[in-house]
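**Q** Predicted model and sequence follow; I will ask about them next.
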Amino acid sequence: MKGFRLFFLLLFFSALTLSAQPELSLITVYPGDAIYSAFGHTAFRYLDEDNDIDILYNFGTFDFQDPEFVPKFVHGQLDYFLGVVKFRRTFKNYTLLENRSVVEQKLNLTPEEIARIYAFLTENAMPENRYYKYDFIKDNCSTRIQSVLDKTIGNDIIYDQAVIAKIGEKSYRDYIRYHLKKSPWFDVGIQLVLGMPLDQQVLPSDSFFLPALVHDIIGGSTLNEGRPLVASDEVLFRSTADPITDPLNDLKNDPIKISLPLLLAILLLVVELILIYLGCIRKKGWAKRILSCYEYTLVTLNFLAGILIFYLWFISDHTATKWNLNLLWCCPLSILFRFKWISAFMAVMCVVFLLVLMVGLQSTCWAFIPLLALFTILFGRRFISTLS
């Protein structure tokens with residue numbers, strides 16, 4: 001039944017579009033200031049002026065009103081869906097309200113090809129078909145663009161392999177950190193929960209995982225007969241806050257940046273050293289009491305971070321949080337640090353994670369380096385104190 005419905009939809013839209021000369025575009029919305037907009041967005045625009053149709057097919061839609069939104073999001077079971085909205089209204093939201101750059105790539109397709117894609121999108125926007133399980137890397141608004149093209153006219157598309165090869169020179173984490181450079185606190189949280197697989201170079205099959213990368217791939221792609229896939233590439237709105245980001249050409253090796261998280265981590269380490277000096281060397285009773293409370297607080301935070309990492313790795317359905325070696329130094333066992341062998345184990349694990357960073361098995365943000373030194377000192381001191 002579903003196949004017959006898609007067949008008749010295709011016939012209907014083919015007849016409609018042959019007379020109406022419609023246009024199909026790829027809309028790329030570049031990152032904004034809000035956390036949810038940090039990675040940008042992409043969608044299909046269908047324009048048929050003769051029939052007064054100008055809509056956006058948006059695969060990045062989810063329901064904030066869902067009473068189980070938070071647990072579903074944390075567990076990796078949040079349903080995203082294909083939304084259909086009026087383009088002009090959405091365009092105003094992106095530009096006037098969010099001040100985000102918007103670029104339109106008009107696809108160089110025949111009326112029959114556009115009708116095929118339009119029918120496919122319309123079929124998939126129906127209530128029984130519109131929902132899908134979101135995946136940060138494998139199945140998001142960007143990867144859905146490739147999926148739609150491949151399922152409709154994929155055999156005729158030759159994607160720009162030079163761009164795909166250049167994308168593969170960097171890791172997933174490199175691109176994620178590039179998009180979070182204006183949000184250092186969010187970057188710290190993301191780097192804490194992302195696992196080791198994101199440190200591998202981007203696979204060709206995953207090259208569509210970010211909107212800006214999709215724009216670059218599509219821009220250089222062709223159809224079998226040599227026809228460019230993109231007829232025109234136009235900036236509909238340029239943000240007054242930032243230029244249009246281009247991770248493919250702008251991405252550099254991440255230098256040490258002075259940020260608030262890094263400064264706070266250094267401060268925490270300095271406080272630990274000062275309290276050790278005053279409490280353990282100068283034998284100040286008040287400093288020793290403060291040191292004890294201070295270390296209990298730090299270990300509690302370490303324990304909570306370890307619980308989160310453990311949950312996201314072993315229990316949740318997220319794929320990007322598996323094999324997270326941050327669990328070596330942010331470990332639920334840390335709460336038992338009063339037992340000397342637990343303290344010794346945790347101190348060794350902190351050193352092991354430093355070695356992990358040195359050999360490049362997993363990357364992290366610079367703010368974690370002072371924290372690793374802090375916890376190595378904390379757990380090491382606790383172990384040594386039990387020997388005396």
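**A** Ah, there it is. Numbers count the residues shown, from 1 in each chain.
**Q** ok, residue 61 touching residue 83?
**A** Yes: using C-beta atoms under 8 Å, residue 61 makes contact with residue 83 at a distance of 3.6 Å. (C-beta placed from N, C-alpha, C; glycine too.)
**Q** Domain parsing of this structure, as residue ranges.
**A** Per the record, the chain has its domains at 2-168+203-250, 260-387, by automatic domain parsing.
**Q** number of nearby residues for the closest residue to residue 294 other than its chain neighbours?
**A** Closest residue in space to residue 294, ignoring its immediate chain neighbours: residue 275 at 6.1 Å, by C-beta to C-beta, 6 or more residues apart in numbering. When neighbours are defined as other C-beta atoms under 10 Å, residue 275 has 20 of them.
**Q** which SS state does residue 275 fall under?
**A** In terms of secondary structure, residue 275 is helix; the call rests on DSSP: H, G, I helix; E, B strand; the rest coil.
**Q** wait, it sits on residue 289?
**A** No: counting by C-beta under 8 Å, residue 275 sits too far from residue 289 to count as a contact (9.8 Å).
**Q** can you pull the contacts of the closest residue to residue 78 other than its chain neighbours?
**A** Closest residue to residue 78 in three dimensions, ignoring its sequence neighbours and counting by C-beta to C-beta, 6+ apart: residue 72, at 4.4 Å. Residues in contact with residue 72 (C-beta atoms under 8 Å, 6 or more residues apart in numbering) are 66, 78-79.
**Q** What strand or helix carries residue 72?
**A** Using DSSP states H and E, residue 72 falls within helix 69-75.
**Q** Identify all contacting residues around the next helix or strand after that helix.
**A** Of the helices and strands lying after helix 69-75 in sequence (DSSP H and E), the nearest is strand 79-86. Contacts to strand 79-86, defined as C-beta under 8 Å, 6+ apart, come from residues 54-63, 72, 121, 124-125, 129-134, 140-141, 144.
**Q** now swap in stretch 213-227 and tell me
**A** Outside stretch 213-227, the residues touching it (C-beta under 8 Å, 6+ apart) are 26, 28, 42, 103, 105, 108, 142, 145-146, 153, 155-160, 162-164, 167, 175, 207-208, 228-230, 233, 246-248.
**Q** Same question for stretch 29-43.
**A** For stretch 29-43, using C-beta under 8 Å, 6+ apart, the contacting residues are 26-28, 56-60, 94, 98-103, 141-142, 145, 176, 179-180, 182-183, 186, 210-212, 214-215, 239, 241-242, 244-245.
**Q** if we can go back for a sec, can you redo the domains of the chain as CSV with distance to residue 194 and mean pLDDT?
**A** Conversion of the domains of the chain to CSV gives the following (distance: least, C-beta to C-beta, whole Å; pLDDT from 0 to 100):
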stretch, distance to residue 194, mean pLDDT
domain 2-168+203-250, 9, 88
domain 260-387, 6, 95
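**Q** hang on, the earlier thing: go through the helix holding residue 72 and flag the buried ones.
**A** residue 72 (16 or more other C-beta atoms under 10 Å).
**Q** okay, that helix in PDB with CA atoms only?
**A** Presented in PDB, the C-alpha positions along helix 69-75 are these (Å, rounded to 0.1, in the frame of the first residue of the first chain):
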ATOM      1  CA  PHE A  69      12.300  15.200  26.700                       C
ATOM      2  CA  VAL A  70      15.200  15.300  29.200                       C
ATOM      3  CA  PRO A  71      15.400  11.500  30.000                       C
ATOM      4  CA  LYS A  72      15.000  10.600  26.300                       C
ATOM      5  CA  PHE A  73      17.700  13.100  25.300                       C
ATOM      6  CA  VAL A  74      20.100  11.800  27.900                       C
ATOM      7  CA  HIS A  75      19.400   8.200  27.100                       C
END
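**Q** Quick one: the helices in the stretch 51-200 of the chain, in order.
**A** Assigned by DSSP state H, counting those that start in this stretch, the helices in the stretch 51-200 of the chain fall at 69-75, 87-92, 111-124, 141-153, 161-167, 172-179, 184-193.
**Q** Who are the packing partners of the last one?
**A** The one in question is helix 184-193. helix 172-179, helix 260-276, helix 285-314, helix 368-387 (3 or more C-beta pairs under 8 Å, 6 or more residues apart in numbering; DSSP states H and E).
**Q** and the closest residue to residue 172 other than its chain neighbours, what is it in contact with?
**A** Spatially, and ignoring its direct neighbours in sequence, residue 172 is nearest to residue 198 (4.2 Å; C-beta to C-beta, 6+ apart). Residues in contact with residue 198 (C-beta under 8 Å, 6+ apart) are 137, 171-173, 176, 320.
**Q** Now restrict those to buried residues only.
**A** So, by 16+ other C-beta under 10 Å, the buried ones in the contacts of residue 198 are 137, 171-173, 176, 320.
**Q** coming back round to it: list the contacts for the residue nearest to residue 294?
**A** So residue 275 contacts 287, 290-291, 294 (C-beta under 8 Å, 6+ apart).
**Q** Please apply the same query to residue 170.
**A** Counting by C-beta under 8 Å, 6+ apart, residue 170 makes contact with 201-202, 251.
**Q** tell me the contacts of the residue nearest to residue 335 when sequence neighbours are not counted?
**A** In space, and not counting its chain neighbours, residue 335 is closest to residue 303: 4.2 Å by C-beta to C-beta, 6+ apart. Contact analysis of residue 303 by C-beta under 8 Å, 6+ apart lists 331-332, 334-335.
**Q** try 7 Å this time
**A** Contacts for residue 303 (C-beta atoms under 7 Å, 6 or more residues apart in numbering) come out as 332, 334-335.
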